[in-house]
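Visitor: have a look at this fold, sequence not included:
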């Protein structure tokens, strides 16, 4: 038995399920920043929302509006959670490119033109002189950097690694 109007229940389930996912994302951010007390509080709230919404759906799996609200609320919550993470988490990627001197220098100039810091290092590869580019980018700028690289030469050697700690140097400012 519920105290709510049955026609409103799917809306409530949807909103709570979206909130549940967003709170889960925030909890992970807090835990990764070692804010354990807040992580504990968010975990408790996340668990409560999950238990309530799951309970509303599991008690009557034949209620398609409630089931649909639960399923789509989870999906939308995942998307909203990703947007929250992209907005509030400073995540960096370290991009390394190895190519011929001419190609690498052209890439470095193009990347700098778009506001990215690039370090060029001369080296020796299996087939002669190469240049190594190091670019540290915000996660949200990674696609743009990769597009610039591919537009100049599609088959260069590229690695991308997550960077946990960044200090100093030239990092492109966050876009608003």
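Guide: Perfect, I can see it now. Predicted, not measured: the structure shown is a model, and the values here were computed from it.

Visitor: which strands or helices does the host helix or strand of residue 73 pack on?
Guide: Take DSSP states H and E as the rule and residue 73 turns out to sit in helix 64-88. Helix 64-88 sits against helix 9-32, helix 36-58, with contacts defined as 3 or more C-beta pairs under 8 Å, 6 or more residues apart in numbering; DSSP states H and E. For the C-beta atoms, the positions are set from N, CA and C on the backbone; glycine is no exception.

Visitor: for residue 122, find the nearest of those.
Guide: When the helices and strands packed on helix 64-88 are compared by C-beta to C-beta, helix 9-32 sits nearest residue 122, at 37.2 Å.

Visitor: how far off centre is that closest one?
Guide: Chain-centre distance of helix 9-32: 16 Å, with C-alpha atoms, centre = their mean, to the nearest Å.

Visitor: got the buried residues for it?
Guide: Buried residues in helix 9-32, counting neighbours by 16 or more other C-beta atoms under 10 Å, are found at 9-10, 12-30.

Visitor: ditto for stretch 33-44
Guide: Across stretch 33-44, burial judged by 16+ other C-beta under 10 Å covers 39, 42-43.

Visitor: in the helix holding residue 73, what counts as buried?
Guide: Residues of helix 64-88 classed as buried: 66-67, 69-70, 73-74, 76-77, 81, 84-85 (neighbour count, 16+ other C-beta under 10 Å).

Visitor: could you identify the most distant pair in those residues?
Guide: 66 and 85 (28.2 Å).

Visitor: next, residue 157: phi, psi?
Guide: The phi/psi pair for residue 157 (degrees, to the nearest 10) reads phi -80, psi 120.
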